Structure formats: C-alpha cells, structure tokens
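Participant: Next input, structure requested:
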Amino acid sequence: MYLKDVKFNSFDCELHIEEYQKGGTKALLLLDKEDGDYVAVATINIPELNLPKNEVVIKDYSENEGMYDLLHKEGIISEPINYIETGFVTCPVCTLLV
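Facilitator: Got it, this is the predicted structure:
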C-alpha cells in the first residue's frame, strides 16, 4: 500500500507499507518513483520478537544509514521505544504512526 513520496539519499521514492509473511509485522519499502525498483527495505523482520502489529524494527545501518531520521522526520515512525541487538548492530524499535 502506497503511503507517500520521500527522498532517500539521491533517490526519489514511493514509500509503501506491506506485511512480512513470517511474523506478521509491517514492512516499510522504498521503491524508485521512475521504474518501481526496490531502493531499500527500511525494516527488519525478526519473527521471534512477536512485536505488536504497530511496531517495527528499523534498519538504520550500512546502505540504510539515515533511514530512521527520514522516517521520523516524515512522521511515519515514533522515537525509539526500545532497541534490539541484531548481530553486530543495535536497531531501534519504533511505533508506526500511519
């Protein structure tokens, strides 16, 4: 489902919200406005967390650096309500505001 247009790094994107098949949590996807190709997946699916349907884990590292700031500024997610260790990084858990 389309939410809104956003700019991530140098890409003009459409922000979409979907649902992961495993775990049932929401997935935030950024698709290129011109060709519809994936630019980034803004969330991480960790089914064993059993998050409420209105919470997401944000991938804000590596090629997704700056994702939290973008989504928070755009009013898509709250400030972090928790943090989760995922391998070598700590990721914010946020409430979806949309």
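
Participant: This protein: helices as residue ranges?
Facilitator: 67-73 (DSSP state H).

Participant: need the contact list for the most centrally placed residue in it.
Facilitator: Nearest to the centroid of the C-alpha atoms of the chain, with distances taken as Cα atoms, centre = their mean, sits A42, at 3.0 Å. Applying Cβ atoms under 8 Å, 6 or more residues apart in numbering to A42 gives the contacts L15, L28, L29, L30, I58, K59, N64, M67, L71. (C-beta placed from N, C-alpha, C; glycine too.)

Participant: Dig out what the nearest residue to the third one once chain neighbours are set aside forms beta bridges with.
Facilitator: It refers to L29. Nearest residue to L29, sequence neighbours excluded (Cβ to Cβ, 6 or more residues apart in numbering): H16, at 4.6 Å. Under DSSP bridges, the beta-bridge partners of H16 are Y2, L29.

Participant: My read is that H16 contacts V6, right?
Facilitator: No - applying Cβ atoms under 8 Å, one finds H16 not in contact with V6, separated by 10.6 Å.

Participant: Identify the contacts common to those two.
Facilitator: L30.

Participant: who's more crowded, these two?
Facilitator: V6 (19 against 16; other Cβ atoms under 10 Å).

Participant: can you pull the contacts of the closest residue to E34 other than its chain neighbours?
Facilitator: Counting by Cβ to Cβ, 6+ apart, D12 is the residue found nearest to E34 once chain neighbours are left out, at 7.4 Å. Contacts here follow Cβ under 8 Å, 6+ apart; on that basis D12 touches D5, D32, K33, E34.

Participant: Chain neighbours aside, what residue packs nearest to the second one?
Facilitator: Yep, that's D32 we're talking about. Closest to D32 by Cβ to Cβ, 6+ apart is V39, at 5.4 Å.

Participant: what's the neighbour count on the one you found?
Facilitator: Residues near V39, counting by other Cβ under 10 Å: 21.

Participant: No further queries at this time; thank you.
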